[in-house]
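**Student:** Structure of the sequence below:
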Amino acid sequence: MTTNLTGRIALVTGGNAGIGYAISSKLAQAGAKVAINYLSKREAAEQAVQAIRGEGGEAECFQADVTSVEQIQSLIGRVEGAFGGTVDILINNAGHMIKRIPNAEMTEEGYEQIMNVNLKSTVFMCKAVLPGMIAKQRGKIVNMASLAAHNGGGPGASVYAASKAAVIAYSKGLAKEAASHGINVNVLSPGFIGQTAFHSTFTSEDARKATVAGIPLGREGVPEDIANTALFLASSLSDYLTGETIEINGGMFMR
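**Tutor:** So this is what the prediction gives:
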């Protein structure tokens, strides 16, 4: 068993920055051909591709709104055409809290935005790559949850937390369906990961310091911490692991 991904095609949604870029880079370093999906920041996506190529890796970037089933189908077709094969590794990294909305102020539009970007995108990205994986009788799918899925999140994050909890439940069901086809489905559940737009947007400096003070390992996480585990799940080292959620939080939450 090895982490060598030479010849494998990997698709990382939201792969142009933060955790997504760290995963994209790590998979490329292992030999995968990496498709970096982005929504609107084309320049950042192109810079990510150039950085990976500069390190000797192979990557292309592809724009798509993964809350749209039509755009998901187009994305898969473009990726397969560019790399000459079907997707072997899917990392469903795209997700967002959108904004903190107290339950008393939640709107139908806000609810749908949060659920679509976190759950709908995961469900229909998985559906889109399954035919190719089933045909090859192998595949690795890694979905992204959050510590919020277990503790309900911070103020105004209840629906976000629920969407991430739904990702975990969905992944268990998909893992059962896909197992007979040699497809592994697992979940990464990050805790407090610094160097990301998420906490730059939603977490104050005082809250950050208070959170880090309570982490048993004594530091906030970095995107590389998530990328290292994503590589494990994308490789043959995890061939007997499916339907599991791996908590990456420095000991903040232990099961």
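**Student:** okay, and the helix or strand of the chain with the least pLDDT?
**Tutor:** In the chain, no helix or strand scores lower on mean pLDDT, DSSP states H and E than helix 197-202, which sits at a mean of 64.
**Student:** Name the residues of the very next helix or strand once past it that come out as buried.
**Tutor:** The C-terminal neighbour of helix 197-202 among helices and strands, as given by DSSP states H and E, is helix 205-213. Buried positions in helix 205-213, judged by neighbour count with 16 or more other C-beta atoms under 10 Å: 211-212. C-betas here are computed from N, CA, C, even on glycine.
**Student:** Same check on stretch 127-135?
**Tutor:** Buried residues in stretch 127-135 (16+ other C-beta under 10 Å): 128-130, 132-134.
**Student:** gap between that stretch and the chain center?
**Tutor:** 18 Å (C-alpha atoms, centre = their mean, to the nearest Å).
**Student:** Could I have the CA atoms of that stretch written out in CSV?
**Tutor:** Provided in CSV are the C-alpha atoms of stretch 127-135 (Å, rounded to 0.1, in the frame of the first residue of the first chain):
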residue,chain,number,x,y,z
LYS,A,127,-23.7,11.3,-8.0
ALA,A,128,-21.8,12.8,-11.0
VAL,A,129,-18.6,10.8,-10.4
LEU,A,130,-20.2,7.5,-9.4
PRO,A,131,-20.7,6.1,-12.9
GLY,A,132,-17.1,6.4,-13.8
MET,A,133,-16.0,4.9,-10.5
ILE,A,134,-18.4,2.0,-10.7
ALA,A,135,-17.2,1.3,-14.2
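**Student:** what is the rounded mean pLDDT of that stretch?
**Tutor:** For stretch 127-135, mean pLDDT rounds to 98.
**Student:** For the closest residue in space to Ile89 that isn't next to it in sequence, which three-state class applies?
**Tutor:** In this structure, Ile89 finds its nearest non-sequential neighbour in Ala10, 3.9 Å apart by C-beta to C-beta, 6 or more residues apart in numbering. Reduced to three states with DSSP: H, G, I helix; E, B strand; the rest coil, the structure at Ala10 is strand.
**Student:** Which pair of the buried residues of stretch 127-135 spans the longest distance?
**Tutor:** Ala128 and Ile134 (12.1 Å; C-beta to C-beta).
**Student:** Can you name the residues that contact Gly156?
**Tutor:** For Gly156, the contact set (C-beta atoms under 8 Å, 6 or more residues apart in numbering) comprises 99-102.
**Student:** Quick one: which of the residues you listed is the most crowded by neighbours?
**Tutor:** Ile101 (20 neighbours; other C-beta atoms under 10 Å).
**Student:** That residue is in contact with Pro155, isn't it?
**Tutor:** No: counting by C-beta atoms under 8 Å, Ile101 stays clear of Pro155, with 9.7 Å between them.
**Student:** What ranges does this structure have for its strands?
**Tutor:** With DSSP state E as the criterion, the chain has strands at 9-12, 33-38, 58-63, 89-92, 139-144, 183-190, 245-248.
**Student:** where exactly do the helices run in the protein?
**Tutor:** With helices called from DSSP state H, the chain shows them at 18-29, 42-54, 69-83, 108-115, 121-136, 148-151, 158-178, 197-202, 205-213, 223-234.
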